[in-house]
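>>> The sequence isn't on hand, but the structure is:
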């Protein structure tokens, strides 16, 4: 319900916040920018007030058809109108004479007045009415410039929004990736919990490059295939814990591992082959699987005894099964805890704190990565020439695999249990249930995504899609709207 007060029609309104120390903070509402978020958080609000009376998201004001409304966003100390506290999530109309206070003990007063300053002329009209020329100009703007244009006036805002949806703008430089980072940071995505693993700890998740096929495996002795909507399509039963799952880049083949490795066709859910890696003991489990992108499909597996094996896989629709043969094998100096691949390279982490980069032809260590602290490497990620290793010391080490140099060290807020990397976007997670999104250009966290109540143990990343799994069977799918590419 909306409680109305006498009001007059207006085009532009100035909101001034008066704090307890007589400091004035101003913001403006207009038809071009009709929404004003008020709160303490510096990045989520338009009017930022640094006061203990103010919640991170305190209230919102907006103009609608010449009238001003306010709604409290569930603040701790309340939003007060003429001495009465407003109910949370209940829009209320305001008049110029109303007394609006934020907080209770040392409240911040909001003063409302019509802005008598003449609004700036339309940028659209100043540049001329040739929309084709303006579109070409917008296509050469970066994301911050387009945001400024969006806020200038209504018609330029329309052009800016249309530009970020165009394939021409997204194909230029790293525009598409920066747009995705901004959407993750601003919460422009949907979250869906995928149920089915019955609170059994998960061990691994994988996603195809298109984001249309998702695979998961865990302690409940099953691997599951999910579609883009988060619907479970099939449950693949195994004899023991599924320690690793890996989808090929196209999503046509799925490899699962326990003490043996199984190869499946995804389109008709058919088991092609099942084989046991060569190991000194039958009880040695496979700790990692990774597809190697080369001329023919190849699968790399790692075992707890330090063995790496490269398998040549052939499969086609006109044969009843798949042919799998061992291409090469090698041994590592330490039991392998994690594995990742990119292109024709792979990186593994050992329980002794070491990590190494491997070439595929032949399968051998080409570079060792010597971390500053000798703690077990709990997660690795690789994309191109950039490798990332994480451990229980909350350290993330970024490596240039061409010269074995640690180019940067990032500090996470908890032990690192999972990593995912694509271009300059890095995901990390640990024991606090958060998924951190890093912008590697700036070497900082650009978003903290609340994910799970329990420790996150596995991550998978595809353009516009994030999959996270926790130690009690929770599986979350985050997907952005179809704006990019």
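Sure, I can see it. As the structure is a computational prediction, the values presented were derived from the model and not from experiment. Numbers count the residues shown, from 1 in each chain.

>>> Endpoints of stretch 240-249, how far apart?
Stretch 240-249 has its terminal residues 26 Å apart, counting by Cα to Cα, to the nearest Å.

>>> repeat for stretch 271-290
Terminal residues of stretch 271-290 are spaced 18 Å apart (Cα to Cα).

>>> Identify each buried residue in that stretch, please.
272-273, 277, 279, 284-290 (16 or more other Cβ atoms under 10 Å). Any C-beta I mention is one placed from the backbone N, CA and C, and that applies to glycine too.

>>> Shouldn't residue 184 be within a strand?
No - looking at residue 184 with DSSP: H, G, I helix; E, B strand; the rest coil, it is helix, so not inside a strand.

>>> and the gap between it and residue 454?
According to Cβ to Cβ, to the nearest Å, residue 184 stands 22 Å off from residue 454.

>>> Quick one: mark the members of the buried residues of stretch 271-290 that sit in strands.
272-273, 286-290 (DSSP state E).

>>> Would you mind telling me which of residue 184 and residue 454 has the busier surroundings?
residue 184 (22 against 16; other Cβ atoms under 10 Å).

>>> surely that one meets residue 447?
Yes - with contact defined as Cβ atoms under 8 Å, residue 184 reaches residue 447; the gap is 5.0 Å.

>>> Give the helix, strand or coil label for residue 148.
Taking three-state DSSP, the label given to residue 148 is helix.

>>> Same check on residue 136?
With three-state DSSP as the basis, the three-state label of residue 136 is helix.

>>> Tally up the residues packed near it, please.
Neighbour count for residue 136, taken as other Cβ under 10 Å: 12.

>>> again, but for residue 328
Counted with other Cβ under 10 Å, residues neighbouring residue 328 total 16.

>>> Skipping its backbone neighbours, what lies nearest residue 383 in space?
Closest residue to residue 383 apart from its sequence neighbours, by Cβ to Cβ, 6 or more residues apart in numbering: residue 421 at 4.6 Å.

>>> now that neighbour: how far from residue 427?
7 Å.

>>> do the same with residue 87
From residue 87 across to residue 427, the span is 38 Å (Cβ to Cβ).

>>> thought residue 380 was touching residue 340?
Yes - checked against Cβ under 8 Å, the pair residue 380 and residue 340 is within contact range at 4.8 Å.

>>> Enumerate the beta-bridge partners assigned to residue 18.
residue 24, residue 109 (DSSP bridges).

>>> unless I'm mixing things up, it is touching residue 107, no?
No - if you go by Cβ under 8 Å, residue 18 and residue 107 don't touch, sitting 9.5 Å apart.

>>> Look at the two and report which has more neighbours.
For residue 18 versus residue 107, the count of surrounding residues by other Cβ under 10 Å is larger for residue 107: 20 against 15.

>>> got a list of what that one touches?
Contacts were defined as Cβ atoms under 8 Å, 6 or more residues apart in numbering; by that measure residue 107 touches 20, 53, 77, 80, 101.

>>> Apply 6 Å and report the result again.
Residue 107 makes contacts with residue 101, as judged by Cβ atoms under 6 Å, 6 or more residues apart in numbering.

>>> Tell me the confidence at it?
Note on residue 107: pLDDT of 86.

>>> Before I go, just wanted to say thanks for your time.
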